[in-house]
Every structure is written in structure tokens, then in C-alpha cells.
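S.K.: Have a look at this fold, sequence not included:
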């Protein structure tokens, strides 16, 4: 695995045994007890960076392997949340879109997911897939559409994540399909 750009070690005499690590941007901060030798420090830093990278990789989408895995995941989500009724013909990663995270063409059952989403948590990609799969059942953004989408338990959380991601990146993106994020009908929130 590639090493992070910066590793910062913080020693503490109050810390007795526990070693921990967290990422802050491109920096991995490793917290170690003050009594550790330099060789123990190197060993623990390497170990904690490996653990952190493994943990981050588990949180990422399983769909990163390619289009076939993305389609497999969409079929699994359709079975689980949409009674297996949404059956896309193709689901694929596409170069970053300017105003959308993803799109769906119900006429030929194709779903396209922006590569901007390759590094978001898997539950966010799952939401985007559910959103697009729901368009295969209901083309618009009416109450019936949102009822399908809200079968996914993390829908609200994922919408907030995407809004925050858009704001932080200065993308000015709207919702998944370019709709206003708050355009959702009140009746669909239950």
C-alpha cells in the first residue's frame, strides 16, 4: 500500500500502553506512549498505518473494482430494497459529470455513476444506486419515487453527505439528478 504523504508521531508520557492512529487530511497521526524506543515506534507506526489503511479500504465502496461489480451491487440492492423490480441493463462508472452525481435512462435501463464517487463510503454509493434504480420504477421525483428511495435506511444521511461533499468541493451540484435537494415531497419523508 502507498504510504501517506505525512506521518506525524505524538508521544505522551500519560499514555501507558495504547497506540492509536487517525487521519487528518493527508497526514496520519500516530499516538504512542512516551516510553517506547525508536525501533518500537517504527514498528508501531508501520502497523498503525497498515491498520488505518485497511479500515479505510473496508469503508470504501465494493464497487471500485469495476462496472461488473457495480452492476452486481445494484442487483443486490434492488433485491433487498426494491423487491427485485429494478433491473438495470448496464451500470457503469463514467468520467465526472458537471452537475450530477449519477444519471439513469429508464428507456434503455442504463445507469451511470460519476467517478467523483469512487472514494466515498460504500453506503453513499449504495444510496446513489438505489436512487437511480428507483428511476427504473418511477421516472420522475414524485411521492412514489421517494417512497422507493426511502426504503434504503441511510437515504437521508447519504443525501446530507452528498450535499456536504458538493459544498466542500465548491461543485455547486444539486441533488443526484440535478434536482434541488429539498425538492422532495413532504409525504415521502416518512
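M.R.: Received, thanks. These figures come from a predicted structure and were not determined experimentally.
S.K.: Could you report the pLDDT at residue 101?
M.R.: pLDDT recorded at residue 101 is 92.
S.K.: pretty sure it contacts residue 115?
M.R.: No - taking contacts as Cβ atoms under 8 Å, residue 101 lies outside contact range of residue 115: 10.4 Å. From N, CA and C alone the C-beta is placed, and that goes for glycine too.
S.K.: of those two, who's got more company?
M.R.: More crowded of residue 101 and residue 115, by other Cβ atoms under 10 Å: residue 101, with 28 against 13.
S.K.: and the gap between the more buried one and residue 135?
M.R.: Per Cβ to Cβ, to the nearest Å, residue 101 is found 13 Å from residue 135.
S.K.: try residue 81
M.R.: 14 Å.
S.K.: When those two are compared, which one has more neighbours?
M.R.: residue 135 (24 against 21).
S.K.: I'd say the more buried one and residue 106 touch.
M.R.: Yes - if you go by Cβ under 8 Å, residue 135 and residue 106 touch, sitting 5.7 Å apart.
S.K.: the bottom helix or strand of this protein by mean pLDDT?
M.R.: Within the chain, no helix or strand scores below helix 38-59, which has a mean of 82 by mean pLDDT, DSSP states H and E.
S.K.: What segments of the chain are strands?
M.R.: Ranges of strands within the chain are 6-12, 20-24, 27-33, 90-94, 102-105, 110-114, based on DSSP state E.
S.K.: JSON lines for those strands, including mean neighbour count?
M.R.: Converted to JSON lines, those look like this (neighbours: other Cβ atoms under 10 Å):
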{"stretch": "strand 6-12", "mean neighbour count": "13"}
{"stretch": "strand 20-24", "mean neighbour count": "14"}
{"stretch": "strand 27-33", "mean neighbour count": "18"}
{"stretch": "strand 90-94", "mean neighbour count": "17"}
{"stretch": "strand 102-105", "mean neighbour count": "20"}
{"stretch": "strand 110-114", "mean neighbour count": "21"}
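S.K.: lowest-confidence stretch among those?
M.R.: Taking the mean pLDDT of the strands of the chain, strand 20-24 comes last: a mean of 84.
S.K.: Return the distance of that strand from the chain's centre.
M.R.: Strand 20-24 sits 19 Å away from the centroid of its parent chain (Cα atoms, centre = their mean, to the nearest Å).
S.K.: Can you tell me the strand partners of it and which way each runs?
M.R.: According to DSSP bridges, strand 20-24 forms sheet pairs with strand 27-33 (antiparallel).
S.K.: Just give me how far the partner strand sits from the chain centre.
M.R.: In terms of Cα atoms, centre = their mean, the centre of strand 27-33 is found 25 Å from the chain centre.
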